[in-house]
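Q: My questions concern the predicted model and sequence given below.
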Amino acid sequence: MALGLRKSGCSVGAVLAFWLGNPVLNPATMVFMGFVLGWHWVGLRLVTGVLLVFVVAYLVQWLVGDAAAPSPVPAIGGGSDATAAPAGTGPARSEPAPAPAAPRPSIWARWLRALGELSVGLVPEYVLLVLLLGAVRAWLFPAATPEATGVLWTIGLAVAGTLFVIPTAGEIPIVQTLMSHGLAAGPAAALLTTLPPVSLPSLAMLARAVPVRALVAVAAAVAALGVLSGGLAALLRF
């Protein structure tokens with residue numbers, strides 16, 4: 001959907017706000033998190049989510065400026081008066097009748113064609129990146145122990161969470177399980193903040209329509225907010 005919005009002419013900031021807000025501020029995810037982890041975690045998610053959607057997206061829009069959208073939909077030229085003669089010049093010259101336009105494919109045919117093009121371009125890339133990340137998950141997410149605390153754990157898991165891909169609301173059972181094995185609140189908050197909004201596959205796919213420097217800025221902001229949320233969780237003794 002983010003790719004479609006961008007190719008339809010939406011600004012980079014609007015596309016990023018939609019892309020980040022969809023997983024981060026999802027109401028169903030919030031309710032699920034409140035019942036599973038506690039409502040104080042929901043408050044932390046709201047703070048980081050609002051910063052991502054309304055501040056980071058705006059700043060990235062300012063950074064890239066008015067970047068042109070790729071392959072904009074062409075405007076339909078020629079109105080009803082396109083061949084009208086100028087005033088005072090007499091009747092318009094006769095023009096040869098235009099060739100009849102080819103019948104336009106149905107909406108279902110166009111939808112299937114767009115789906116096929118998107119699948120051929122994105123699905124192999126997505127599957128490959130997910131498989132690669134799955135192969136190195138043992139290094140990205142080492143076994144949590146009661147010693148899994150401190151700044152280094154928070155930074156490391158913030159970076160890992162920015163790269164890794166999960167389904168919607170998948171961060172909640174992941175964090176719950178790791179905390180039950182001894183993961184401290186700071187690194188857990190870093191994961192809870194960085195896992196939902198972006199991932200390496202989603203960044204790679206969106207690079208087709210959004211400037212790379214904008215995506216790098218978003219990824220860096222997500223990782224930084226992960227570290228910040230980890231510090232807040234540790235300070236507030238979650």
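A: On my side now, so go ahead.

Q: can you pull the pLDDT of Met70?
A: One correction, residue 70 is Pro, not Met. Among the per-residue scores, Pro70 holds a pLDDT of 56.

Q: which residue ranges form the helices in the protein?
A: 2-7, 12-24, 27-36, 39-50, 57-64, 107-135, 137-140, 151-163, 171-180, 185-194, 200-206, 212-235 (DSSP state H).

Q: most neighbours per residue, which of those?
A: Mean neighbours per residue, mean count of other CB atoms under 10 Å, is largest over the helices of the chain for helix 185-194, with a mean of 28. All C-beta spots, glycine's among them, are computed from the backbone N, C-alpha and C.

Q: that older thread, columns mean pLDDT on top of the helices of the chain, output as TSV?
A: Below are the helices of the chain laid out as TSV (pLDDT from 0 to 100):
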stretch	mean pLDDT
helix 2-7	78
helix 12-24	90
helix 27-36	90
helix 39-50	93
helix 57-64	88
helix 107-135	60
helix 137-140	58
helix 151-163	88
helix 171-180	85
helix 185-194	91
helix 200-206	85
helix 212-235	92
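
Q: Next, find the distance separating Ala189 from Ala207.
A: Per CB to CB, to the nearest Å, Ala189 is found 28 Å from Ala207.

Q: again, but for Gly65
A: From Gly65 to Ala207 the distance is 18 Å (CB to CB).

Q: and these two? which has more neighbours close in?
A: Counted by other CB atoms under 10 Å, Gly65 and Ala207 do not tie: Ala207 has more neighbours, with 13 against 9.

Q: so the more buried one touches Leu215, yeah?
A: Yes: look at Ala207 against Leu215 with CB atoms under 8 Å: they come within range, at 5.9 Å.

Q: Distance of Val198 relative to Gly231?
A: Counting by CB to CB, the gap from Val198 to Gly231 is 20 Å.

Q: can you check Gly34 too?
A: In terms of CB to CB, Gly34 sits 22 Å off from Gly231.

Q: try Pro187
A: 11 Å.

Q: okay, and the common contacts of the two?
A: Residues touching both Pro187 and Gly231 comprise Thr154, with contact defined as CB atoms under 8 Å, 6 or more residues apart in numbering.

Q: if I pick the residue nearest to Gly226 when sequence neighbours are not counted, what's in contact with it?
A: Once flanking residues are discounted, Gly226 sits nearest to Ala158: 3.2 Å by CB to CB, 6 or more residues apart in numbering. Contacts here follow CB under 8 Å, 6+ apart; on that basis Ala158 touches 190-191, 193-194, 223-224, 226-227, 230.

Q: can you do 10 Å?
A: 186-187, 189-191, 193-195, 222-230 (CB atoms under 10 Å, 6 or more residues apart in numbering).

Q: what's the answer for Leu51, then?
A: 20, 24, 57, 193, 221, 224-225, 228-229.

Q: Over to Ala223?
A: Per CB under 10 Å, 6+ apart, neighbours of Ala223: 155, 157-163, 190, 193-194, 198.

Q: doesn't Ile166 make contact with Leu200?
A: No: if you go by CB atoms under 10 Å, Leu200 and Ile166 don't touch, sitting 11.8 Å apart.

Q: Could you work out the end-to-end span of stretch 19-29 for me?
A: 15 Å (CA to CA, to the nearest Å).

Q: Give me the residues contacting that stretch.
A: With CB under 10 Å, 6+ apart as the test, stretch 19-29 has contacts from 1-3, 5-6, 30, 32-33, 42, 45-46, 48-54, 56-57, 60, 166-172, 193, 195-199, 202, 206, 210, 218, 221-222.
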